[in-house]
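Build me a model from this:
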Amino acid sequence: MSRYRRVNIDGKSLYKTETRKTAAALYPGTFAVINGSNLFAQATTPIGRMYVVDSAYHEGLGITDQVPSGHSAIGNYLEEGREFAVRVAAGTYTKDQAITVVAGQAAAVPTTAGTYKVIGYCQDAVTTTAVDFIRIRVRADSVVVS
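Take a look at the predicted model:
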């Protein structure tokens, strides 16, 4: 059971989305890009124009159900100020914690040495014990932190 029932928290889905078939099965709340075949593909890192995959309500699927490979998916534009419930691994998340993308999922920017692109900030203070969702607010441009 997820803490959220929908991915699009800001309610701008009517005019801030793209619809494409999927190159592979994708979970709602993960990040995708449009690949060379004009399909949604999992984004592995923050790169170019990205989308947050929405639930496939049109197929009777909920926020925890994968959109099957080759099926129609709705991708919400990742734009300044928008808020989404995004899929994260188990862990502790704090309000205003910097968030990046790792293997298609939102992840807290690691405290270890490295360079990371910040795509937004956590809006929840929560500890999850399994894969779940956190609410993020997207920032205008990716900030690189080292």
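
So what touches stretch 120-136?
2-4, 7, 9, 29, 63, 83-99, 106, 108, 119, 137-139 (CB atoms under 8 Å, 6 or more residues apart in numbering). Every C-beta, even on glycine, is put in place using the N, C-alpha and C of the backbone.

Just the ones of those residues in strands?
Members of the contacts of stretch 120-136 lying in strands (criterion: DSSP state E): 83-88, 91-93, 98-99, 106, 108, 119, 137-139.

Could you find the closest non-adjacent residue to the most centrally placed residue in the chain?
Nearest to the mean C-alpha position of the chain, by CA atoms, centre = their mean, lies Thr30 at 3.7 Å. Excluding the flanking residues, the one nearest Thr30 by CB to CB, 6 or more residues apart in numbering is Gly104, at 4.5 Å.

Quick one, grab the pLDDT at that neighbour.
In the prediction, the pLDDT value recorded for Gly104 is 85.

Break this structure into its domains for me.
Domain ranges of the chain: 17-77, 83-145, per automatic domain parsing.

count of neighbours near Ala98?
Residues lying near Ala98 (other CB atoms under 10 Å) number 18.
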